[in-house]
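K.L.:
fold the following.
(chains A and B)
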Protein chains: 2
Amino acid sequence: MRMAELSAESGLPVATIKFYLREGLLPQGVRTSATQATYGDAHLRRLRVIRALIDAGVSVARARKVLATLDEPPDEVAALLAEAHAAVAPSGEEDVPLAEIEDLAEQLGLQCWTHRPERLAEVARAMRTLREAGFALPPEVMRTYWTSMRHIAAAEIAEIPVGDPDEAVRYVVLGTALVEPLLLALRRVAEQLATVERFPPNP
Amino acid sequence: MRMAELSAESGLPVATIKFYLREGLLPQGVRTSATQATYGDAHLRRLRVIRALIDAGVSVARARKVLATLDEPPDEVAALLAEAHAAVAPSGEEDVPLAEIEDLAEQLGLQCWTHRPERLAEVARAMRTLREAGFALPPEVMRTYWTSMRHIAAAEIAEIPVGDPDEAVRYVVLGTALVEPLLLALRRVAEQLATVERFPPNP
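P.N.:
All right, here's what the predicted structure looks like:
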């Protein structure tokens, strides 16, 4: 299809699609003349993924990394997950001292955390931000965060569609990036409910 | 203290502090001459909160709303939470049809969801983004998300320090904005662990 049709089918303005082409998020079409190119269904599917990433708050630079992992995934699931995480996780500019990571690993009951310490460093940084703001996280709440996230991760990883490698890659890579806004939105609804339960409105 | 001392104490460059003053995040100091002002401990504490919000990925515009809620909190906890949510939640530009919200409320087992439908609309939008990217969220995973977030919210709301109104406001408002990166970082660590458990590395 031509650019105009791609725009109509995807519901995206031509200028936006051209921006994605320039930024390397969308592969070039097949040139049919000096000024024209045609695009296929793969372009349309890719546009939907790009839109979803952008809608989920992923930056253009990070979306590019997510798409690169989708296009050339590593063979091992653990490596695939690590790449997907690296694409969307905040890049740690400051270093976290090893002692802080070791303390955290002990607090979370982790034995073999040395495999990918950068993810633990991220947790340590998030906790330091809380401390510096003078926000005291009650230990019971921290325990609940950790056990809840372990439940969530177990359910997610159990459902990886291992029989279909393409689907498995999409599941892991998109699940990492796109599910974050859903989880945060569900937390807000749940907080509302818990508040009404603890502090019933005056009749 | 003078601006130079405020900079030294907070570890922030003078230019950054002046930017926060201009943006209205930090209240002006007390003028002592046409070109000088003095600042107190309240400015230092406020700077730490601003830094924590910015480090947690909150934009300047949203940080301004969070700080406004801290400064003039509503009396009711439910209203306080709603303001804190509104400050950091994505602002819904597109409308979500009522039928979609009703379906979602039923799926989550909610009876009285009409109180603040905007938070449910946010969940509906996040789920639509997943669908449009061609990402099929397994129902079992969605159930685990919801039950886990209810556990988390119950633990959080149970720990609101109701005896100290100032602390309660800080807990609710900063907890809403600052805890999100911690939760997402913990999810990534937990996903790594679950992956290694399901797909043990080759020896």
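K.L.:
the most centrally placed residue in chain A and A:H85: what is the separation?
P.N.:
The structure's chain A has its C-alpha centroid closest to A:A177; by C-alpha atoms, centre = their mean the separation is 1.8 Å. As judged by C-beta to C-beta, to the nearest Å, A:A177 and A:H85 stand 10 Å apart. C-beta coordinates here come from the backbone N, C-alpha and C atoms, glycine included.
K.L.:
repeat that for A:E118.
P.N.:
Using C-beta to C-beta, we find A:E118 at a distance of 9 Å from A:H85.
K.L.:
neighbour-wise, which of these two wins?
P.N.:
Neighbour totals were compared for A:E118 and A:H85, and A:H85 leads with 24 against 15 (other C-beta atoms under 10 Å in any protein chain shown).
K.L.:
how about the nearest residue to that one, chain neighbours excluded?
P.N.:
Closest residue to A:H85 in three dimensions, ignoring its sequence neighbours and counting by C-beta to C-beta, 6 or more residues apart in numbering or on different chains: B:R188, at 5.1 Å.
K.L.:
for A:V169, same thing?
P.N.:
Spatially, and ignoring its direct neighbours in sequence, A:V169 is nearest to A:P73 (4.5 Å; C-beta to C-beta, 6+ apart).
K.L.:
equivalent analysis for A:A4, please.
P.N.:
Beyond its immediate neighbours in the sequence, the residue positioned closest to A:A4 (C-beta to C-beta, 6+ apart) is A:V14, lying 7.1 Å away.
K.L.:
what sits against the residue nearest to A:H85?
P.N.:
Listed by C-beta atoms under 8 Å, 6 or more residues apart in numbering or on different chains, the contact partners of B:R188 are A:85, A:89, A:119, A:122, A:176.
K.L.:
so which of these are in helices?
P.N.:
Residues from the contacts of B:R188 lying in helices, with DSSP state H as the criterion: A:85, A:119, A:122, A:176.
K.L.:
out of the residues you listed, what pair is the most spread apart?
P.N.:
A:E122 and A:T176 (13.4 Å; C-beta to C-beta).
K.L.:
which of the contacts of B:R188 sit farthest apart?
P.N.:
In terms of C-beta to C-beta, the contacts of B:R188 reach their longest pairwise distance at A:E122 and A:T176, which sit 13.4 Å apart.
K.L.:
shouldn't the residue nearest to A:V169 be within a helix?
P.N.:
No - secondary structure assignment (DSSP: H, G, I helix; E, B strand; the rest coil) places A:P73 in coil, not in a helix.
K.L.:
looking at it, it is touching A:R170, isn't it?
P.N.:
No - A:P73 sits out of contact with A:R170 when judged by C-beta atoms under 8 Å, with a separation of 9.5 Å.
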